[in-house]
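Chemist: show me the folded form of this:
(3 chains)
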Amino acid sequence: MRSITLKNLSKSINKQSIISNINLTIPAGKFFALLGPSGCGKTTLLRLIAGLENADCGQIFLGDEEITHHPIHKRPVNIVFQNYALFPHLDVFDNIAYSLKLKGLPKEVIAQKVIKILEAFHLEAHIYKMTSQLSGGQQQRVALARAIVNEPDVLLLDEPLAALDFKLRERMLIELIDLQDKLKTTFVYVTHDQFEALTVADQMAIMNHIGEIEQIGTPKEIYEFPHSSFVARFVGTTNILNGKLRGIDQEPEIEIPELGRFKVYMPHKREWMKEGQDLMVSIRPEKIFISKKVPPNFSNQIKGVVQSIVYHGRSTQYNVILANKMRMQVFEQNEEHFAQEVIDYDNEVILSWQKENAVLLEK
Amino acid sequence: MSNRLSRVSSLVIVSLTYLFLYVPIVVLLVFSFNKERFPAPWTGFTFKWYNELFHSLYLWKAFANSLIVAFFATLISSAAGLCLVFYAAQGGRVGRYMALFYGNLIIPETVLAVSLLSFFSSIKIPLGLTTLVLAHTVLGLGLVVPILYARYLELDKKLTEASLVLGATPTQTFFKVTFPLLRPALISTALLVFIISFDDFILSYFTAGSSAQTLSLYILSMLRSGVSPVVNALSALLLFLSSFFVLLFFSLKTRVRIF
Amino acid sequence: MKSSSSQIPFATGAPALIWQILFFYLPLALIALSSFIQLSETGEFEGLTLSHLTNFLTPTYMKVIGSSLLLAFSNACLCFMIGYPLAYFLAFSNKKYKNLLLFLLIVPFWTNFLLHIYAWFYLLEHKGLINQLLMSLGIIDTPAHLINSRFAIMIMMVYYYLPFMVLPLYSSLEKFNYSLIEASLDLGASWSNTVRRVLLPLTSPGIRAGFFLVYIPSFGEFAIPELMGGDKFMFVGSVVAQYILGEGTGSLGSAFTLLSCAILLVSAILLFLAIGWILNPRRHRV
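Modeler: Here you go, the predicted structure:
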């Protein structure tokens, strides 16, 4: 397996820029996820790596080898399409054996490899069926098997689980993780579903609407320490407070009109942080404590009125209205069957959070 | 980069093909304005051949005949096809008879023409416009019925079910829901049948007899008597007419799968 | 929708069926039958005979049928070789050009075909445009013999039948899922391999339809060979026309028609199977 490096990659279609100046290194042998909203260009990026599109400018490297102008069929890169693109005129065996036959391997070797992979994917029973006779999940596995049987350096996956139902998707995600672990092939997984991305990725990149990469990091880094409000909002839900930075040298605080001052955590000063600077603070809903009475030991508190309650099974979501008409979301885990304190509609509540749980974002 | 090579070569093939298709036509058009008769080269611009064309009585008679035959053939075959679909919509089992209409594809037109000629003469129907209409309608049926029925099968059943649920009778449903949905296909197929009948040669050659002459047969007689710029002028006219019809067809914006 | 079938009389659906049977199958059946009927000089029915048919089982007539088959087959092949790239180009071209190109393709298709014959006549004739051009450029001294030749017939046949091949191919290619081509390339197949293993097999319904729409009518074609080939070449159509329109040779004409039709159908079935076999070869199970 090899790493993928993209240098200054740009692509426009019909005079519209899809991606511009992308610089990215995807580490070898890791499960990499590319997350972004629909239409952001992530599929285009994938297709550029596969060779299905040609970049307007920039370079693509596989390890040390530049493959920018290599034709599709010469790249040791395979792609699993969103609609699977299984050959309808070939059965399961021939679909999987397709790339092996092209290499001219002897029949026995081909059969051996195909059967081995069918067993790994639990598809032996369907070996001679036509692909239209299979269920969605089975088709997906055939598409996967077909793409890895010839041991490519890189496997690209374009929203492969989009057509599956929830439970199946969860199962497939785990299977994919195990697969990548076993094969050690570089996986590049493209999706707009942050749950999928967070589940599978060793490393991930977030792309925004205009085809730029906002942040690269591990799922935890991205979730807990987003660099921008886009990332904070796109991955998971968050509450964003707007205000000005005060007390930068002693006790840093954010001043929010009508609400007051709240302590913030600033482990390292960044260049853009100046006294009076406009900034945003992101607080994840699960990190806020909701109660009717003021709890001890919290650095920050705010008063509000419960507007709506949504029961999610594992957690309850409270939408609370603050004094400045802003809304904040709180997720509370339903730890007990019978809670000590019952919070209801129109209750006055106190929202509390620790200053370390708020992330500073540049405006 | 084999991709680029194949793109260039396909562009070359396509341009050459279109050139091949249009060079004769363009030549014909250009020389319809030539002062001198064939085979003289270009001597000057003139409208006189068009003039001669418009004054030729036989031509207009033939043209009218072709129009009449095409019109009735289209009318009858479309109506018959629609009735068949109506019957199917009411639950009639039509599917097994569909194969009958594919016969038009398996039998060459010459064979059909010859058979009809013998048939007409044996039951003593005089050859003329009537026999032409009878023959051309068969041509039309072979197109209308398969296409319309296939289109009918493609319709979303839920639409008719919704109509029935809302209180319409099956007949009302047909006229208020099914027919409007079929109309685009019907119109474009009717157009196709009209053109095929209008341009038809082989069937007309055998079933027209000596009394009726269609445009195709008229052109044949002109061809036999030698090359004449009047035919060029006629070609220009008919080309213009065809373009108009094709434009009509395209403007219908139907994605009718003829094949 | 099964409940009301009894209420609607069959008569509503019948007109189309009756017409088809009356004016298509009945005449054909009559022709088939009359091939076997022996009539006396006065037109009296005498009995059944095979003599009309056996009359044509001679090398001369077999040659006529053979050349028609060859004409039809070569026409279909040429139309395919030109038509497939054309249809491919049309199907995958930019939307703005697609309609224009389709329009340009259909206009000649919907123009009277005799006029096309005339147009090519104009070009290919002894004193026609091509010869005039070549002579004036000094490339040749005497007019080239272009008209009244197999070459002229072939050109006209392809010219007329090309849209019949292109349109079904186009229809098939338009519905084609392009990501299958991408998948094949991605898995390591070159373009030619992809065409052979993926594109052609999956467009075989369109290919079959195209072949049929060209092969079968081409067989019975007589106007084009006669007008472009003079009287030098005998094809099935011309022989049939001669006999049917002639005096007292009606039965012979029917017999020859029946014979040629039968041979045509057999060859068409073989062609159908051959295309299927070439495009989708059954491979051994390992």
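Chemist: give me the mean pLDDT for the longest helix seen in chain B.
Modeler: When chain B is parsed with DSSP state H, its longest helix is helix B:57-89. The pLDDT scores in helix B:57-89 average 90.
Chemist: contact partners for the residue nearest the centre of chain C?
Modeler: Central residue of chain C (Cα atoms, centre = their mean): residue C:214, 2.6 Å from the mean position. Contact analysis of residue C:214 by Cβ atoms under 8 Å, 6 or more residues apart in numbering or on different chains lists C:72, C:75-76, C:79, C:161, C:164-165. From N, CA and C alone the C-beta is placed, and that goes for glycine too.
Chemist: put together TSV for these, with distance to chain B and neighbour count on each row.
Modeler: Output for the contacts of residue C:214, formatted as TSV (distance: Cβ to the nearest Cβ, whole Å; neighbours: other Cβ atoms under 10 Å in any protein chain shown):
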residue	distance to chain B	neighbour count
C:72	9	28
C:75	13	27
C:76	13	26
C:79	11	28
C:161	12	26
C:164	9	24
C:165	10	31
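Chemist: near chain A, which residues of the stretch 151-286 of chain C?
Modeler: Within the stretch 151-286 of chain C, the positions near chain A by Cβ under 8 Å from any Cβ of the partner chain are C:177, C:179-180, C:182-190, C:193, C:197-198, C:201-202, C:280, C:283, C:285-286.
Chemist: you'd agree residue C:233 is up against residue C:150?
Modeler: Yes - using Cβ atoms under 8 Å, residue C:233 is in contact with residue C:150, at 7.2 Å.
Chemist: count of neighbours near the residue nearest to residue C:204 when sequence neighbours are not counted?
Modeler: The shortest distance from residue C:204 to any non-neighbouring residue, by Cβ to Cβ, 6 or more residues apart in numbering or on different chains, is to residue C:279 (4.5 Å). Per other Cβ atoms under 10 Å in any protein chain shown, the neighbour tally for residue C:279 reads 17.
Chemist: hmm, back to that, in which helix or strand does the residue nearest to the centre of chain C reside?
Modeler: Here residue C:214, judged by DSSP states H and E, is contained in helix C:204-220.
Chemist: first-to-last residue distance for stretch C:140-154?
Modeler: 23 Å (Cα to Cα, to the nearest Å).
Chemist: mean confidence for it?
Modeler: On average, stretch C:140-154 scores 75.
Chemist: which one's more surrounded, residue C:233 and residue C:150?
Modeler: More crowded of residue C:233 and residue C:150, by other Cβ under 10 Å: residue C:233, with 18 against 15.
Chemist: ok, and the closest non-adjacent residue to the more buried one?
Modeler: Using Cβ to Cβ, 6+ apart, the closest residue to residue C:233 is residue C:225 (5.4 Å).
Chemist: for the longest helix of chain B, packing partners?
Modeler: Where contact means 3 or more Cβ pairs under 8 Å, 6 or more residues apart in numbering or on different chains; DSSP states H and E, helix B:57-89 is packed against helix B:129-154, helix B:179-199, helix B:215-224, helix C:14-20.
Chemist: is it possible to get JSON lines of these that adds mean pLDDT?
Modeler: Below are these laid out as JSON lines (pLDDT from 0 to 100):
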{"stretch": "helix B:129-154", "mean pLDDT": "89"}
{"stretch": "helix B:179-199", "mean pLDDT": "88"}
{"stretch": "helix B:215-224", "mean pLDDT": "83"}
{"stretch": "helix C:14-20", "mean pLDDT": "85"}
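Chemist: most tightly packed of those helices?
Modeler: Among these, helix B:129-154 has the highest mean neighbour count (mean count of other Cβ atoms under 10 Å in any protein chain shown), at a mean of 22.
Chemist: any idea how far that helix is from the middle of the chain?
Modeler: 11 Å (Cα atoms, centre = their mean, to the nearest Å).
Chemist: domain map for chain A?
Modeler: A:4-233, A:237-362 (automatic domain parsing).
Chemist: which residue is the nearest non-sequential neighbour of whatever residue of the stretch 151-286 of chain C ends up closest to chain B?
Modeler: In the stretch 151-286 of chain C, the residue that lies nearest chain B is residue C:220 (2.8 Å; Cβ to the nearest Cβ). Leaving aside its sequence neighbours, residue C:220 sits nearest to residue B:108 (Cβ to Cβ, 6+ apart; 2.8 Å).
Chemist: neighbours of that neighbour, how many?
Modeler: Neighbour number of residue B:108 under other Cβ under 10 Å is 27.
Chemist: wait, what's in contact with it?
Modeler: Counted by Cβ under 8 Å, 6+ apart, residue B:108 has contacts C:216-217, C:219-221, C:237, C:261, C:264.
Chemist: could those be laid out in JSON lines, adding pLDDT and neighbour count?
Modeler: Formatted as JSON lines, those follow (pLDDT from 0 to 100; neighbours: other Cβ atoms under 10 Å in any protein chain shown):
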{"residue": "C:216", "pLDDT": "92", "neighbour count": "22"}
{"residue": "C:217", "pLDDT": "91", "neighbour count": "20"}
{"residue": "C:219", "pLDDT": "91", "neighbour count": "27"}
{"residue": "C:220", "pLDDT": "87", "neighbour count": "25"}
{"residue": "C:221", "pLDDT": "86", "neighbour count": "26"}
{"residue": "C:237", "pLDDT": "84", "neighbour count": "27"}
{"residue": "C:261", "pLDDT": "89", "neighbour count": "23"}
{"residue": "C:264", "pLDDT": "92", "neighbour count": "23"}
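Chemist: now the two most distant members of those residues.
Modeler: Farthest-apart pair in these is C:221 and C:261; separation 14.3 Å (Cβ to Cβ).
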